[in-house]
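A.B. asks: Structural data only, the sequence is not supplied:
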């Protein structure tokens, strides 16, 4: 089974990229973040044209998550469902596809470390750990994926000294992320790609950022031990980042022998 994640930065703007990549790569499951479209306007037909079912949770102009799959999901759940007072934006969708549980998340970016949005981001990771504990166990075949807006290690950013303290590379963030991962996840990508300069996000504002390797690894594939054990490969597909009208992110992919 091939599973991928991709922050589209507007699913409608990125339809040519998505259709082309799905048609050529043929993943079993593609998790998409930052769809930026209300449910009533989601371009279902474009996915069906290339042979995919698609489920989604969206809102106007911001956030939004979706899962495209060759096989129809057995179940779909949206939201963190913890009844907390903070707004539960369209940031999480969970599916069961052929016995594999996939939780697709678009974690808040955080805006600025002095902003309440950064504290919201830290709390969101804690809520997510509680969500996993409510719905799953580490013995389940579970993948947590998406744009997690965290670069966990120095090798995950192109300039760790200068960027330390950024909302996606901050000691407080590293702590809560590690606590969430400790619930029972392994980094599938790093299992197969342990070297630096493996990046999934390249800022539009930085000239020739892909060629100069000025990127971040903030898009992740994290699996529970039973699923991680079956992973046979993982990679970042940089080619679509050079296509016409690309997202600032690109596809992160893993193969599982299930």
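C.D. replies: Perfect, thanks for sending it. Keep in mind the model is a prediction, meaning the values are calculated, not measured.

A.B. asks: In the stretch 51-200 of the chain, where is pLDDT below threshold?
C.D. replies: Applying pLDDT under 70 to the stretch 51-200 of the chain flags residues 85-88.

A.B. asks: need the strands for it, in chain order.
C.D. replies: Listed in chain order, the strands of the stretch 51-200 of the chain (DSSP state E, counting those that start in this stretch) span 53-57, 65-69, 75-78, 92-97, 100-106, 142-147, 186-187.

A.B. asks: count of neighbours near residue 226?
C.D. replies: By the criterion of other C-beta atoms under 10 Å, residue 226 has 14 neighbours. Every C-beta, even on glycine, is put in place using the N, C-alpha and C of the backbone.

A.B. asks: Could you find the closest non-adjacent residue to the residue nearest the centre of the chain?
C.D. replies: In the chain, the residue lying closest to the centroid (C-alpha atoms, centre = their mean) is residue 146, at 1.0 Å. Distance criterion C-beta to C-beta, 6 or more residues apart in numbering; nearest residue to residue 146, sequence neighbours excluded, is residue 105 at 4.1 Å.

A.B. asks: which residues does the one you found contact?
C.D. replies: 33, 65, 91-92, 128, 144-148 (C-beta atoms under 8 Å, 6 or more residues apart in numbering).

A.B. asks: What distance do you get for it to residue 237?
C.D. replies: Residue 105 is 20 Å from residue 237, where distance means C-beta to C-beta, to the nearest Å.

A.B. asks: all helices for this protein, in order.
C.D. replies: Here the chain has its helices, by DSSP state H, at 15-25, 44-49, 116-135, 160-163, 171-181, 188-192, 225-228.

A.B. asks: now for these, which one comes closest to residue 205?
C.D. replies: Evaluated over the helices of the chain, closeness to residue 205 peaks at helix 160-163, with 14.5 Å, by C-beta to C-beta.

A.B. asks: Quick one: distance of the closest one to the chain centre.
C.D. replies: With C-alpha atoms, centre = their mean, to the nearest Å as the basis, helix 160-163 stands 23 Å off its chain's centre.

A.B. asks: Please apply the same query to stretch 201-216.
C.D. replies: 19 Å.

A.B. asks: what do you get for stretch 187-194?
C.D. replies: Here the centre of stretch 187-194 is set off from its chain's centre by 15 Å, with C-alpha atoms, centre = their mean.

A.B. asks: List the buried residues in it.
C.D. replies: The neighbour-count check on stretch 187-194 (16 or more other C-beta atoms under 10 Å) flags 187-191, 193 as buried.

A.B. asks: Measure how buried residue 26 is and give me the count.
C.D. replies: For residue 26, the count of nearby residues is 13 (other C-beta under 10 Å).
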